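[1] using only what follows, build the 3D model:
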Amino acid sequence: MAILDGILVVALEQAVAAPYCTRLLAESGARVIKLEREEGDFARAYDSVVNGESAYFIWLNSGKESLRIDIKNSSDRALLNKILLKADVFIQNLKPGATDKLGLDYNTLANLNERIIVCNISGYGHHGPYAKMKAYDALVQAETALCSVTGPPGVPSKVGASICDISTGLTAYSEILKALYNREKRQSGSNIDVSLFGVLSEWMSVPLSYFEYSGKLLQGTGLDHAQLAPYGSFESADGPVFIVIQNGREWVRFCESVLERPAVATDPRFCTNANRVENLEELKKLINESFHSVPRETLIAKLQAAEIACGNINNIADLSKHPALVRCEVTSDGKTFRTVKHVGSTISGLSVPKLGEHDELIRKEFSE
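    Numbers count the residues shown, from 1 in each chain. I've put the predicted structure just below:
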């Protein structure tokens, strides 16, 4: 039996953050009813690259049931109230204030169902000068200064995946699990507020501390690390190798067994991590000069023998055939798609719902 068997989740969701959270809940065994407008979640039309269907929607919505509903219609609203009366979780990512106007705020729902857990996902929270601002992944990356510490020096860049939406969805998932556990002890529901800005700004704590406590304004470093060295891409005779040194013991081993220049370990320019970061360009020049005539395969073998973290700088085609990639399959409209298995997922073979696929079944179930 899956961990969340018997848990009913009602999701008034669109795009990425909330759907990612509810997909994780579905993969843990919860029943997820996805409420959609007549035209459906707009992520259905983001693209058509997966055999005519949206890569985003396929990724985010397996294991759910789709119910088309007009919340402002009296009979549909009565149906929704019946569903919410039995629901364990209601999650929504409409603009702040929208659910209040619809009577889907926590206080109203708690009067209907005292055990319900409500999770609200917003861009910047429900109060303050930014509450009504539209918020999308890249915008919040820019607002939280993540873009300023990403990419080459002086060239602010966004992360190439939906990191803001994903991190917020993960946070919402963990908060809902905590609330379910708390409900078992206290027999009461709870109200959860999660914002994209709040989650990602917390992830920016280290760069923020560097500025507020040392006056240092970090910027993008490409493949280098702003606080650790050597850490990044170095050139062998036939291609780059990514290397990470985390502590003094690794640094000594690296100098002795890989560089085969033990004196470098105690060189005043490089003897501490802070000194190596301060003299990064000299350090990179020294390492690249030592590596430039060494075949990549030989270098990798030496690094691994010395227990130095190293790896490849892959592209998406490389990831597609990576031996560590764990796949799972989902079905949609009778077709099977390969996707990536989420860590901890307990259910496989889930299907992606067609728009309104479960209208008749759900309406019949909750009208009785």
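
[2] in a strand, Glu235, correct?
    Yes. Counting by DSSP: H, G, I helix; E, B strand; the rest coil, Glu235 is found in a strand.

[3] ok, what's across the strand from it?
    Pro240 (DSSP bridges).

[4] can you count the residues close to it?
    When neighbours are counted by other Cβ atoms under 10 Å, Glu235 registers 17. For the C-beta atoms, the positions are set from N, CA and C on the backbone; glycine is no exception.

[5] next, name the residue at the spatial heart of the chain.
    In the chain, the centroid-proximal residue (Cα atoms, centre = their mean) is Ile166; its distance is 2.5 Å.

[6] nearest spatial neighbour of that one, skipping sequence neighbours?
    Tyr20 (5.9 Å; Cβ to Cβ, 6 or more residues apart in numbering).

[7] ok, the one you found - contacts?
    Leu60, Asp165, Ile166, Gly169, Leu170, Tyr173 (Cβ atoms under 8 Å, 6 or more residues apart in numbering).

[8] name the member of those with the most neighbours.
    Gly169 (28 neighbours).

[9] surely it and Leu25 touch.
    No. In this structure, Gly169 is not within contact of Leu25 by Cβ atoms under 8 Å, at 10.2 Å.

[10] re earlier: any idea which of the contacts of Tyr20 is closest to Val16?
    Distance to Val16 across these (Cβ to Cβ) is lowest for Asp165, with 3.7 Å.

[11] so where does the closest one fall, helix or strand?
    helix 163-186 (DSSP states H and E).

[12] show me what whichever helix or strand comes after that helix is in contact with.
    Remark: after helix 163-186, the chain's next helix or strand is strand 190-195, criterion DSSP H and E. With contacts defined as Cβ under 8 Å, 6+ apart, strand 190-195 is touched by 106, 110, 117-126, 168, 171-172, 175-176, 179, 182-183.

[13] buried subset of these as a PyMOL selection?
    Of those, the buried ones go into a single PyMOL selection, burial set by 16 or more other Cβ atoms under 10 Å:
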select buried, resi 106+110+117+118+119+120+121+122+123+124+125+126+168+171+172+175+176+179+183
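
[14] could you list the low-pLDDT ranges of this protein?
    343-346 (pLDDT under 70).

[15] re the thing from before, hmm, Val16 and the residue nearest to the centre of the chain touching each other?
    Yes. Applying Cβ under 8 Å, one finds Ile166 in contact with Val16, separated by 7.4 Å.

[16] quick check, nearest of the contacts of Tyr20 to Leu286?
    Ile166 (38.0 Å).

[17] all strands for the stretch 251-368 of the chain, in order.
    Taking DSSP state E, counting those that start in this stretch as the criterion, the stretch 251-368 of the chain carries its strands at 309-311, 327-332, 335-340, 351-352.

[18] just the buried residues of the first one, please?
    Which is strand 309-311. Those would be Cys310, for strand 309-311 by 16+ other Cβ under 10 Å.

[19] same deal with stretch 78-91?
    Leu79, Leu80, Lys82, Ile83, Leu84, Ala87, Asp88, Val89, Phe90, Ile91.

[20] out of the residues you listed, who's nearest Lys64?
    Using Cβ to Cβ, the buried residues of stretch 78-91 come closest to Lys64 at Ile91, 11.7 Å.

[21] helices of the stretch 251-368 of the chain, residue ranges please.
    Secondary structure of the stretch 251-368 of the chain (DSSP state H, counting those that start in this stretch): helices located at 273-278, 280-291, 296-305, 316-320, 359-367.

[22] could I get the buried residues of stretch 78-91 as TSV with secondary structure and distance to Asn247?
    Putting these into TSV (DSSP: H, G, I helix; E, B strand; the rest coil; distance: Cβ to Cβ, whole Å) gives the following:
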residue	secondary structure	distance to Asn247
Leu79	helix	60
Leu80	helix	56
Lys82	helix	59
Ile83	helix	54
Leu84	helix	53
Ala87	coil	49
Asp88	coil	45
Val89	strand	43
Phe90	strand	47
Ile91	strand	42
